[in-house]
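Student: curious how this folds, go ahead:
(chains A, B, C and D)
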Protein chains: 2
Amino acid sequence: MDNSLDKRPTLKTLAEITGLGISTVSQALRDSPAIAEETRKRVKLAAQQAGYRPNRAGVRLRTGKTNVITVVLNPQDEGSGFFADFVFGISNGLAGTPYHLVVTPYSLEDPMVPIRYIVETASADGVIISRTQPNDPRVRFLLEHGVPFASHGRTSMGLEHPYFDYDNENYAYEALHKLSAKGRTCVALLGPPRDLTYNIHTNLGFERGLRDFRLTGFPLGSVDAEAPLDSIRKLATALALQKDRPDGFVVSNIAAAVALCAGMADAGLVLGRDFDVVSKHVTSLVGMLCPDIISIPENFREAGCRLAEILIAAIEGETQSELQQLAHV
Amino acid sequence: MDNSLDKRPTLKTLAEITGLGISTVSQALRDSPAIAEETRKRVKLAAQQAGYRPNRAGVRLRTGKTNVITVVLNPQDEGSGFFADFVFGISNGLAGTPYHLVVTPYSLEDPMVPIRYIVETASADGVIISRTQPNDPRVRFLLEHGVPFASHGRTSMGLEHPYFDYDNENYAYEALHKLSAKGRTCVALLGPPRDLTYNIHTNLGFERGLRDFRLTGFPLGSVDAEAPLDSIRKLATALALQKDRPDGFVVSNIAAAVALCAGMADAGLVLGRDFDVVSKHVTSLVGMLCPDIISIPENFREAGCRLAEILIAAIEGETQSELQQLAHV
DNA sequence: TTCGAGACTTGAAACGATTCAAGAAACTGC
DNA sequence: GCAGTTTCTTGAATCGTTTCAAGTCTCGAA
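Tutor: So this is what the prediction gives:
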């Protein structure tokens, strides 16, 4: 089996090599001021040459520090492009740090299950959550138990916590700006699910845009951009046949935007001529098929990366100053 | 901070509760036959009531067992739908087991870096790799060091190891079958990158299909289905204008298929009338835009799930019997 | 010369689990 | 009644790390 390296070096190994005591070596490696400069150098050199890497289990057992960041999976993210980009981003933000990234499965019954598990077993130094709700029990729980975390999206509970968010208010506003510039007058919002905080922000921006650009809002009822694609498509077709149909759409999700376009096309309407659609995060693939969707980019990869950075800062005791960030649109 | 649970229970806690020794408790929990039946029950009950969960760091330090499965990220997977589904699948396969899933970042310079890291630091009980090559140094290295792993895709090094693979030979063959049934006669393969094993399988199936269905093969040169989408699109347009252009395409990747269709459309050709395209894994989104792409599904989620199961079996010392699986197409 | 104060270094005790040799108790057979 | 098993339980050692109290030196001041 292991032929190249007889055994992984430990502090004891280094102590033998250098002729020092184990605790000296330990402190030297962590730059304790109690250790003489020259000794520190000697130890570090030896560590380097021996290819020493601290045993995570040892550190974790002794200090409780896991060097693990956990990201909690959401069932709704399956299939969406969100998750892959997000994880790549987090992984990027963690590069060069000692943190490992573990992916925790969701629980279909109760989204608190993974959170409780993490807290109870102290299995991570920090947690990243997404799909944040205005009054989010996960946030409350993590705050209560003093477990560092960062959320993708904000809450409105009057509690301060680290987050990174896309400026969805501005997104909706800018979307209307673009539609208005295209001469559209009657606009509809196919926004985020009601239970997520960014639904509120999106609505705010939409309302403000309606006023500022003097547009008519067309209510879509209770559908949201995460509804099944074919239901969105059918809705669009039905809309298209209506007399006072909207001629502009703001959509929070590219898949929904595509379904919407398909539904309108089913009724014979042409994108860019009869109506316009603004969506977020148009991948090159969709851009190829529906080049006329107006897009305002949202970078999930950046979100993941920032969240990782923010979370690490929080773990290391940073004050709240830079721990709340809003992506400018 | 921690108000609800004063302290996490440990073996010592359980020992005090039951009035037994620590080692008795330890063995009882692991069903050692040396412990009396009645004692075992008593200990387990106490453990349950106290909400005992073994401390992972303790176990890991003592036994070397990490209870971690690592999946290695591939830079090429970014943006593709593959990764999200794959991870959801793995996560699913790990549900109910004590294994955690950690995602290891890739290294742009050298794909061996993460592998060596895992082996050197013994940071996982098992590894899942994808994008397997015929002669894959990762496979060799992991085998040499006796680290359990499972690969998504096969190798051709004459070495046995656990894998799960999609039957790409059959895929290409069936694709030609469908094209032939549509009356297509001149077909081209936009297959996987040359360096991946499944390129070989795909080619085999394609060649066999050409013979069996008496089709003419149209060579596409060195482009593959992971080439930049716009280059594929341009290629398609150029092809469309050629006199003896192919009228059927087998594509290994949905994004490439879409780009191909777009390029043909640019030249005025109509999918389903002037040519047909077979692709894998058509999401409902693409199906909505290009309903006429012929699809043969590939389930990445299942792949992840199976790989997790296979890997766990391998870790637990299963013989090679059921550790090599091929998804039937 | 002696004492105290730095300046370094180190042994021992944790952290929570498993394992092994050995102890205690009960039971066997003669 | 006693040696010899068998059955069950347990203390101690160990994994690799950090931390704390205590140790050794050296040096300067009195």
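Student: surely A:F164 is within a strand?
Tutor: Yes: secondary structure assignment places A:F164 in a strand (DSSP: H, G, I helix; E, B strand; the rest coil).
Student: number of nearby residues for it?
Tutor: With neighbours defined by other C-beta atoms under 10 Å in any protein chain shown, the count for A:F164 comes to 26. Every residue, glycine included, has its C-beta placed from N, CA and C.
Student: and if you look at the one 3 residues further on?
Tutor: A:D167 has 17 neighbouring residues, counting by other C-beta under 10 Å.
Student: ranges for the strands of the stretch 201-329 of chain A?
Tutor: Assignment of strands within the stretch 201-329 of chain A using DSSP state E, counting those that start in this stretch yields the ranges A:216-218, A:248-251, A:276-280, A:294-296, A:324-327.
Student: residues contacting the closest residue to A:N55 other than its chain neighbours?
Tutor: Of all residues beyond its chain neighbours, the one nearest A:N55 is A:T10 (6.5 Å), with distances taken as C-beta to C-beta, 6 or more residues apart in numbering or on different chains. With C-beta atoms under 8 Å, 6 or more residues apart in numbering or on different chains as the criterion, the residues that contact A:T10 are A:Y52, A:N55, A:G58.
Student: which of these lies closest to chain B?
Tutor: Closest approach to chain B among the contacts of A:T10 (C-beta to the nearest C-beta): A:G58, at 5.9 Å.
Student: what helix or strand does the closest one sit in?
Tutor: Counting by DSSP states H and E, the element that carries A:G58 is helix A:56-63.
Student: got it, and A:S32?
Tutor: For A:S32, there is no host helix or strand (DSSP H and E).
Student: count the neighbours of it for me.
Tutor: The number of residues packed around A:S32, counting by other C-beta under 10 Å, is 12.
Student: now tell me which helix or strand of chain A has the poorest mean pLDDT.
Tutor: Each helix and strand of chain A was given a mean pLDDT (mean pLDDT, DSSP states H and E); the minimum falls on helix A:284-289 at a mean of 82.
Student: which neighbouring elements make contact with that one?
Tutor: Applying 3 or more C-beta pairs under 8 Å, 6 or more residues apart in numbering or on different chains; DSSP states H and E, we find helix A:284-289 packed against helix A:254-266, helix B:229-241, helix B:254-266, helix B:284-289.
Student: export the strands of the stretch 201-329 of chain A to a markdown table and tack on distance to DNA strand C and mean neighbour count?
Tutor: Compiled in a markdown table, those are given as follows (distance: least, C-beta to the nearest atom of the strand, whole Å; neighbours: other C-beta atoms under 10 Å in any protein chain shown):
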| stretch | distance to DNA strand C | mean neighbour count |
| --- | --- | --- |
| strand A:216-218 | 58 | 16 |
| strand A:248-251 | 50 | 27 |
| strand A:276-280 | 46 | 25 |
| strand A:294-296 | 50 | 20 |
| strand A:324-327 | 34 | 16 |
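Student: now tabulate the ones you listed in a markdown table and tack on mean pLDDT and distance to B:D125.
Tutor: Listed next are the strands of the stretch 201-329 of chain A as a markdown table, based on pLDDT from 0 to 100; distance: least, C-beta to C-beta, whole Å:
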| stretch | mean pLDDT | distance to B:D125 |
| --- | --- | --- |
| strand A:216-218 | 97 | 56 |
| strand A:248-251 | 98 | 44 |
| strand A:276-280 | 96 | 40 |
| strand A:294-296 | 94 | 44 |
| strand A:324-327 | 88 | 37 |
